[in-house]
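[1] just need the structure, nothing else, for what follows:
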Amino acid sequence: MFTARSLASVASYSSASVARQMSSASKKVAVLGAAGGIGQPLSMLLKLSPAIGELACYDIVGTPGVAADLSHIPTRARVSGCLPAAGAWPPRGNEGLGEALTGADVVVIPAGVPRKPGMTRDDLFNTNAGIVKTLIQGVAEFCPEAVIAIISNPVNSTVPIAAEILKQKGVYNPRKLCGVTTFDVIRANTFAAAHMGVDPASVDVTVIGGHAGITILPLYSQLEGFAPSDAEREAITVRTQFGGDEVVQAKAGSGSATLSMAYAGYLFTEKVLQGLNGEKVTQCAYVQSDLTDCKYFASPCEFGPNGVEKVLGYGTLSAYEQAWFDKMIPDLQKQIKKGEDFVNA
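    Predicted coordinates for the structure are as follows:
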C-alpha cells in the first residue's frame, strides 16, 4: 500500500529515485480531459515525473495552450496538445484522439462534467457515460494494450461501461482497466492523521468498495494506533464517504474537488508506471474482482509489468465495518449494472 507523499516531494525526488526511473524505459501517458479542472493540475504533476517520456494532452478545447504552457517546465517529458477534428464532439474520424492515444502505455481519463451543489455522482451519469464510451472506443482502436485509469464519475458505473466497450471490441483485459479510488485513500489518511495528531505521510488506510457515498468503506479498524470513540468513528467514516460534498459546497457552485483529485490521480499513475517498469507496488484500485458478489470492487491490488498482477484481500472487518459492508454491496451492484446496461441496452 502506498503512503501519500507531501506536495513538496512531487518536485523534489531523491537522486536515487530519479536515477532509477530515468534508467527505466520512458513511458507515454495520455490524459483525456487535460484542459479541465482536474486535467490541468494532473497534467502538470505528470510533467514532473521522471518516468514519463511523452505526455499527450487531449480535450475538446484548449489543449494546444495547455501543452505550450506545460512545455516550459524543464523536465524530460515531451508534451503534445491534441484536439478533435475541427473541434467536433464526438470526434469525427478520431484524428486528434488517435494522435494522443497511439503508443500510450497509460491512459488517464478525468474527462467529464463536475458535480454542483445538490448533485450526486449518479446525477452525472448520462453526460459522463457518453463521454467515457467515446473515449474508450478510441483506446480500443489506438492503444488496446494500455493501462486505463478512469477518474470520470460515477466511477462505479464508468468502469463497467469501459469494460463492456472493450469486450465488444475484443480487447478487454481486466488487468489493464482500473477505477481510481486513491482519492478516498488520501482523504482517509488526512482525516485519520488529524485525529491522531501525526504526520499524514505515516498513515496508510485501506479503503474498499467503490467510489461514491456509502460504497466507500475505510477500514479504520486496521490502522494501528487509531482508537476513536464510537461517535468519532462514525463521524470520520461518514466524512470519508461524503468528503467530496464539503468541497462542492465550499466552492458554491463553481465546481467539485479538482486539485486534490489531480494529486490522487498523479499518485495512482506513478504507482502504475513503477509497476510497468518492473517494481512490485500495492495500491487500492476499483477493478474486476471475485472478492465479493460485486463484479467490480476496490481493494488493495499488486501492480507490475502487466498492470494489475494480483487482486489482494482486505483482511478482517470489525462489526461496525461489516454493517457498512452489508449496506454497500446492493448499492454497488446496482451502479455496476447501470453502467453495463448503458452499453448493452
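
[2] contacts and neighbour counts: CA atoms only from here.
    Will do.

[3] so Asp105 sits against Ala146, correct?
    Yes. Counting by C-alpha atoms under 8 Å, Asp105 touches Ala146, with 4.6 Å between them.

[4] more crowded one of these two?
    The neighbour comparison of Asp105 against Ala146 (other C-alpha atoms under 10 Å) goes to Ala146, with 25 against 22.

[5] any weak-confidence spans in the protein?
    Counting by pLDDT under 70, the chain has low-confidence residues at 1-25, 86-94, 115-122.

[6] and if we set it to 50?
    Scanning the chain for pLDDT under 50 picks out the ranges 1-23.

[7] ok, the spatially most central residue of the chain - contacts?
    Nearest residue to the geometric centre of the chain (C-alpha atoms, centre = their mean): Val180, 2.4 Å. Shown in contact with Val180 (C-alpha atoms under 8 Å, 6 or more residues apart in numbering): 149-151, 155, 265, 268, 285-286.

[8] which one of these has the most neighbours?
    Tallying neighbours with other C-alpha under 10 Å puts Ala285 at the head of the contacts of Val180, with 30 neighbours.

[9] grab the nearest non-local neighbour of that one.
    Of all residues not flanking Ala285 in the chain, Ala298 sits nearest, at 5.0 Å (C-alpha to C-alpha, 6 or more residues apart in numbering).

[10] what's the burial count for the nearest residue to Ile38 once chain neighbours are set aside?
    Take Ile38 and drop its neighbours on the chain: the residue closest to it by C-alpha to C-alpha, 6+ apart is Thr258, 4.6 Å away. Neighbours of Thr258 under the rule other C-alpha under 10 Å: 19.

[11] how close does Thr258 sit to Tyr320?
    Going from Thr258 to Tyr320 by C-alpha to C-alpha, to the nearest Å gives 31 Å.

[12] mind listing the shared neighbours of Asp105 and Ala146?
    Residues touching both Asp105 and Ala146 (C-alpha under 8 Å, 6+ apart): none.

[13] which residues of the stretch 101-250 of the chain fall in strands?
    106-109, 147-150, 177-179, 207-209, 216-218 (DSSP state E, counting those that start in this stretch).

[14] which of those is buried the deepest?
    Among the strands of the stretch 101-250 of the chain, the stretch with the highest mean neighbour count (mean count of other C-alpha atoms under 10 Å) is strand 177-179, at a mean of 28.

[15] that one packs against which elements?
    Under the contact definition 3 or more C-alpha pairs under 8 Å, 6 or more residues apart in numbering; DSSP states H and E, strand 177-179 sits against strand 147-150, helix 155-168, strand 281-288.

[16] list the contacts of the last one.
    The contact list for strand 281-288, computed with C-alpha under 8 Å, 6+ apart, reads 1-2, 159, 174, 177-182, 185, 206-210, 268, 271, 274-275, 295-304.

[17] SS state for Gly53?
    strand (DSSP: H, G, I helix; E, B strand; the rest coil).

[18] isn't it up against Arg76?
    Yes. Gly53 is within contact range of Arg76, at 6.2 Å (criterion: C-alpha under 8 Å).

[19] rewinding a little: nearest to Lys27, out of the helices and strands packed on strand 177-179?
    Between Lys27 and these, the shortest gap by C-alpha to C-alpha is with strand 147-150, which sits at 11.4 Å.

[20] off-centre distance for the closest one?
    Taking C-alpha atoms, centre = their mean, to the nearest Å, the mean C-alpha location of strand 147-150 is offset from the chain mean by 7 Å.

[21] how close does the closest residue in space to Ser26 that isn't next to it in sequence get to Gly62?
    Excluding its sequence neighbours, the residue lying closest to Ser26 (C-alpha to C-alpha, 6+ apart) is Gly53, at 4.7 Å. Noted for Gly53: a distance of 22 Å to Gly62, by C-alpha to C-alpha.

[22] over to Asn277?
    For Asn277, the distance to Gly62 - C-alpha to C-alpha - is 32 Å.
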